[in-house]
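[1] Build me a structure from this.
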Amino acid sequence: MNVALPITRRAALYLRVSTTRQADVDLSIPDQRLQTAAYCERQGWSVVAEYVEPGASAMDDSRHEFQRMIERASDDDRPFDVIVVHSFSRFFRDAFGLEMYIRRLAKHGVRLISITQELGDDPAQVMMRQVIALFDEYQSRENAKHVLRAMKENARQGFYNGSRLPLGFTLEEVEKRGHRIKKRIVVDPVEAELVRLMFDLYLRGDGTSGPMGIKE
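    Prediction:
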């Protein structure tokens, strides 16, 4: 995978966090942008593109900006020479997926550079990258397991885990645990009237007709 690159490289930055909540309240993406841009400046590289993924898991490649970047990297006009990430886990948290895309990029003369895990292309360093990827994948799967367990217990205790509320319900703060506020789903008296009306119209109509379907 040794790729001949020009002295002045054109770089694309890929910045990612796993959830939209992180994107809204975290400083991770601005920090990734600052550090990767500073790294490129030290190397004398020109940043020509930036791809930001504000809330997408790296366990698979179902990511809009990721796919847009890969497709652009594969274009015949060779828009950039390197893709720069803060760590390999920002690019992929699946060891197989990481290696597959590194090889795909290499076919188009593009290298993946991690600013915190600088590794070359000799066999020993390739093996080190693969070991790092395996640890990243393991850590991600372990975190997912613990998060799911915590969410199940939270739901068992009757607390709200997140997601869009159904029509007719709202949230009520019930207690505070440390910095976390526990909430419970309760009936919204205003919206509940609308829900009751919908069911009543469906079952009995409005008094001038029989039961009403969706169109009516």
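
[2] CA only for contacts and neighbour counts going forward, please
    Fine.

[3] Buried residues in the helix or strand harbouring Tyr202, which are they?
    Element membership of Tyr202, judged by DSSP states H and E, is helix 189-204. Residues Leu201, Tyr202 are the ones in helix 189-204 that count as buried (16 or more other Cα atoms under 10 Å).

[4] likewise stretch 77-94?
    Residues of stretch 77-94 classed as buried: 79-94 (neighbour count, 16+ other Cα under 10 Å).

[5] Cross these against strands and list the overlap.
    Assignment to strands by DSSP state E places the following of the buried residues of stretch 77-94 there: Val82, Ile83, Val84, Val85.

[6] for this protein, longest helix please?
    Taking DSSP state H as the criterion, the chain has its longest helix at helix 123-156.

[7] quick one: contacts for the closest residue to Val195 other than its chain neighbours?
    Setting aside the residues directly before and after it, Val195 is nearest to Gly168 in space (Cα to Cα, 6 or more residues apart in numbering), at 6.3 Å. Counting by Cα atoms under 8 Å, 6 or more residues apart in numbering, Gly168 touches Val187, Asp188, Pro189, Val190, Glu191, Ala192, Glu193, Leu194, Val195.

[8] of those, closest to Arg68?
    The closest of these to Arg68 turns out to be Glu191 (Cα to Cα; 41.2 Å).

[9] correct me, but that closest one touches Leu165?
    No: the criterion here is Cα atoms under 8 Å, and Glu191 misses it with Leu165 at 11.6 Å.

[10] Angles on the backbone of the spatially most central residue of the chain, please.
    Centroid-nearest residue in the chain: Ala56, 1.4 Å away (criterion: Cα atoms, centre = their mean). Main-chain torsions, Ala56, degrees, to the nearest 10: phi -150, psi 130.

[11] Quick check, pLDDT for the nearest residue to it once chain neighbours are set aside.
    In space, and not counting its chain neighbours, Ala56 is closest to Ser18: 4.7 Å by Cα to Cα, 6+ apart. The model reports Ser18 with a pLDDT of 77.

[12] And His86, by the same measure?
    pLDDT, His86: 93.

[13] Gly158: what's it in contact with?
    Arg184.

[14] Many thanks, we can stop here.
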